[in-house]
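>>> Predicted model, plus sequence, below.
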Amino acid sequence: MNAYRALLSAVLLLIAAGCNSGHGPDSLFARQPHSSEPFSECVRCHSSTNSAALDPLVTNGSGTYGRHVKHFSERQIPCERCHSGYMNTATHMNGTLDTGDPTVSLVSLSVVGPSGAWVNDTGPGTGSCAGVACHGNATVNWYGSTWTMPACTTCHSSTFSRELDPAVINGTAPAGRHVKHVTSRAIDCERCHYQYPGQTTHANGQLDTADPSKNLVIFNIVATTGTWTNDTGARTGQCATISCHGADTLSWYGSGTWALPATCTTCHTAAYSTVLDPLLTNGSGVAGKHSKHVGSIGFSCSKCHLNYPSRPSHASGVLDTPDPTVLLVYFDSTNTSGTWTADTGQETGACATTDCHAGETPAWYGTAGVSAPACWLCHVNAMGTRRPVMGASGDFGANAANKSHHVTRGPGNDPLTEQCLVCHDMSIHMGGTVRLRNGDTGATIAYSTASTLEPFCLSCHDASGATSTFITGGTSTAPFNDGSTIGIAPYRASAEISANWSKSFGHKLKGLTCVGNGSVNTGCHGNGHGTANVGLLARNLTLPSTKTTYFTTADESDYDLCFACHAAYGAVSKEAILGMQAGGNYAVDLFNTSGALPAYTIPNIKTRFRDVNLGITGKAYDDLPLFGTYINLHMLHLQTEPDGWKYRGSILSSIVCNSCHEVHGSNTQWGWVHDSMLYDHYAGIGGDQYSLIGAAVTLGSYPTSCAINCHDPGIWGITHGWFQPSQE
């Protein structure tokens, strides 16, 4: 022992001499620390370069010897963190190993333990750290067992040290954003400083943000590809490609406003992180029902998590579902009375009083089945942006204001659920897109625009009807089993629509589709459920069956669908079809010889559907002069009355435009009339042109369905229409 003390004294004297020997090549003062060591004046002496006896990494390094290797070499914590101010104390360099003397304290903690102390020092190889932030509230033995790291906020809070509290020193713009993220949004430290307590630069006494070579920002699941970039020194740096803020690169320091990404699936998808994808972590069976509701039915996230991204608990790093005090289920306007209930902890909870499962409280976790409610239970109300479909203000029978319905069950009765399913594909119900079924194949048709609906309409309105989707008791031509049959009056034309739609002439060639609002470049059918207009039309076109007597006449409003749209096309406007020159040859009312003006006075007659009826020219296409010399044949069929101008309902006629014109499509160029009328156009003599109805069209039957058979060749002969000259 005496020899040891003599050796130690000699070494200390040598060191003391070296520390004061100037700046020669052997000077300890001139020695620079190794690049892996934290900068500290202490290591000028306390290094094996000088003496192994003074090197704490040797004499007091690891395991039962102490923890200098762990703290100094591995964690790069500088000497001053735990020996603050010791260099200038009276006991420093006194030639005595102070750790063996419990009365001499060489441990003085700095910011890592402003209230901490060195305790339980009873001699060599004893002593503990108490109240040190790095290890929480534990009193940890410097010599002995393994220690653990505390939660970040054990040190980084004002309770411990305002100097270490980022909400104080790096809290609000432009100083930083810790208040917004941690205080306001409760985002856990490890979201952006993932495993940083285990990094070698942690607790090294340096403010790493001022050193762009030290990366203290490491993202976890909030940004698997996220990076900290543009760090050029103190109060610089940006977050890039972080899911919370989409594709933006955002400055941490500044006063700019940041926005959340547009959709939840920016983060909550396997493409970003499997940990955040509810289809994987909370998907099916007992795990949860996201696969059923999101993957299969197509619910949007906001339907059950309304405005949740703006809640303080969002992105907090805590799985809220195990905590019944934190609610992440908020139903939208389609389930205004819905609640999340029976949540007692992880993998518990049920949906209650939702319209989707009326009368049931289905558990979110479990395999028990639930039944779908009847369609009317939800759809008598507006569902989000969708109007009521059933009930007093809906589209079907319970709405007395509507005259036509796709499905009929008698006055005041809406369709049954099984009738709705003839047309509607429910596999992704409430997914934001109406999904329909092809009547022939059953394939799904997503309805997004008017043109996407066309294949659905045509799949039923053909000669075969709906061969795939008709209900029990129905047939392919009576798919709803409601008494209505495709191709049978009063739905005679419905079986030919698909074939006619692809013919050479018709509205399809003009860019129209099946559905629209009845205006230019849309379609004629406004609602596939039912409307206030007959024939499911968007605008009024009164059918002849409602006005058949002599004194029950029709007016312009009864032709609103045709006239309103055709106003944009001069050659087929109501004036071109029905107008005549005042005082001209054609301005003669059939029953009115008192000089009444035409319906529309125009410079010259424009319609080519007119008759000369001279009967004296000797030409083969002369008609008998039964109705006068010159006749506008449109006016003849939409007749005047003795008391002035009115549309149809006369003793001669009670037809409408589509009695003659096949509006869905025709192979007859001149007038797009029904092909069955055999209407044709001929070149006459000397520039004359005329048309001929080649078939004996029997009135009272399809397509004309008139009251009197004016076109019986056995009685009247075949009627011709003149094209040239007008002889106005």
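Looks like it came in fine. Since this is a predicted model, take the numbers as computed values, not measurements. Residues are numbered from 1 along each chain as shown.
>>> I'd like the distance from the strand or helix carrying residue 636 to the chain centre, please.
Assigned by DSSP states H and E, residue 636 belongs to helix 633-637. Distance of helix 633-637 from its chain centroid, counting by Cα atoms, centre = their mean, to the nearest Å, is 53 Å.
>>> Show me what it is packed against.
If you count contacts as 3 or more Cβ pairs under 8 Å, 6 or more residues apart in numbering; DSSP states H and E, helix 633-637 packs onto helix 574-578, strand 610-611. Every C-beta, even on glycine, is put in place using the N, C-alpha and C of the backbone.
>>> Mind telling me which of those the model trusts least?
Ranked by mean pLDDT, these end with strand 610-611 at the bottom, a mean of 80.
>>> tell me what that one is packed against?
strand 631-632, helix 633-637, strand 720-724.
>>> So for the first one, mean pLDDT?
Taken as a whole, strand 631-632 has a mean pLDDT of 80.
>>> quick one: strands adjacent to that strand?
strand 610-611 (antiparallel) (DSSP bridges).
>>> related to what we said a few turns ago, residue 673 is nearest to which of the helices and strands packed on helix 633-637?
For these, the distance to residue 673 is smallest for helix 574-578, at 13.7 Å, taking Cβ to Cβ.
>>> What are the contacting residues of that closest one?
556, 559, 562-563, 566-567, 570, 598-600, 602, 606-607, 632, 634-635, 638 (Cβ atoms under 8 Å, 6 or more residues apart in numbering).
>>> Could you rerun that using 7 Å?
Residues outside helix 574-578 that contact it (Cβ atoms under 7 Å, 6 or more residues apart in numbering): 563, 566, 570, 599-600, 602, 606-607, 634-635, 638.
>>> With neighbour count and secondary structure added, can I get those residues in CSV?
Compiled in CSV, the contacts of helix 574-578 are given as follows (neighbours: other Cβ atoms under 10 Å; DSSP: H, G, I helix; E, B strand; the rest coil):
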residue, neighbour count, secondary structure
563, 20, helix
566, 19, helix
570, 10, helix
599, 23, coil
600, 14, coil
602, 16, coil
606, 20, coil
607, 22, coil
634, 19, helix
635, 26, helix
638, 23, coil
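>>> Closest one to residue 410 out of the residues you listed, please.
residue 563 (33.5 Å).
>>> Do a quick rundown of the helices in the stretch 451-600 of the chain.
Assignment of helices within the stretch 451-600 of the chain using DSSP state H, counting those that start in this stretch yields the ranges 497-501, 560-566, 574-578.
>>> Could I get the ones you listed in TSV, plus columns for distance to residue 403?
What follows is those, written out as TSV (distance: least, Cβ to Cβ, whole Å):
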stretch	distance to residue 403
helix 497-501	20
helix 560-566	14
helix 574-578	24
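>>> now residue 172, nearest residue through space, not along the chain?
residue 179 (4.8 Å; Cβ to Cβ, 6 or more residues apart in numbering).
>>> Can I take it that that neighbour is in a strand?
No. Residue 179: not assigned to a strand; according to DSSP: H, G, I helix; E, B strand; the rest coil it is helix.
>>> the helices in the stretch 51-200 of the chain, which residues?
Using DSSP H, counting those that start in this stretch, helices in the stretch 51-200 of the chain cover 56-59, 68, 152-155, 166-169, 178.
>>> out of those, nearest to residue 207?
helix 166-169 (8.7 Å).
>>> List the buried residues for that closest one?
166-168 (16 or more other Cβ atoms under 10 Å).
>>> What pLDDT is listed against the most centrally placed residue in the chain?
Closest to where the C-alpha atoms of the chain average out (Cα atoms, centre = their mean) is residue 300, at 6.4 Å. pLDDT, residue 300: 86.
>>> Surely it and residue 432 touch.
Yes. Between residue 300 and residue 432 there is a contact at 6.0 Å, judged by Cβ atoms under 7 Å.
>>> Pick the most deeply packed of the helices and strands packed on strand 610-611.
Among those, strand 631-632 has the highest mean neighbour count (mean count of other Cβ atoms under 10 Å), at a mean of 24.
>>> Now do that one: everything it contacts.
Taking Cβ under 7 Å, 6+ apart as the rule, strand 631-632 contacts 580, 586, 605, 607, 610-611, 613.
>>> for stretch 116-126, same thing?
If you take Cβ under 7 Å, 6+ apart as the criterion, stretch 116-126 is touched by 99-100, 102, 105, 107, 109, 127-132, 139, 143.
>>> For these, which single residue is the most surrounded?
Within these, neighbour counts (other Cβ atoms under 10 Å) peak at residue 132, which reaches 27 neighbours.
>>> Low-confidence ranges, the stretch 551-700 of the chain, go.
Counting by pLDDT under 70, the stretch 551-700 of the chain shows low-confidence ranges at 551-555, 588-599, 613-628, 638-655, 684-687, 696-700.
>>> which residues touch residue 470?
Applying Cβ under 7 Å, 6+ apart, the residues near residue 470 are 422, 476, 479.
>>> Just the element for the closest residue to residue 411 other than its chain neighbours, please.
Spatial nearest neighbour of residue 411, chain neighbours left out: residue 397 (6.4 Å); criterion: Cβ to Cβ, 6+ apart. In the assignment (DSSP H and E), residue 397 maps to no helix and no strand.
>>> Isn't residue 397 up against residue 409?
Yes. The pair residue 397 / residue 409 is scored as a contact, 5.8 Å apart, by Cβ under 7 Å.
>>> what's the domain layout of this protein?
Structural domains annotated on the chain: 2-150, 576-728, as defined by automatic domain parsing.
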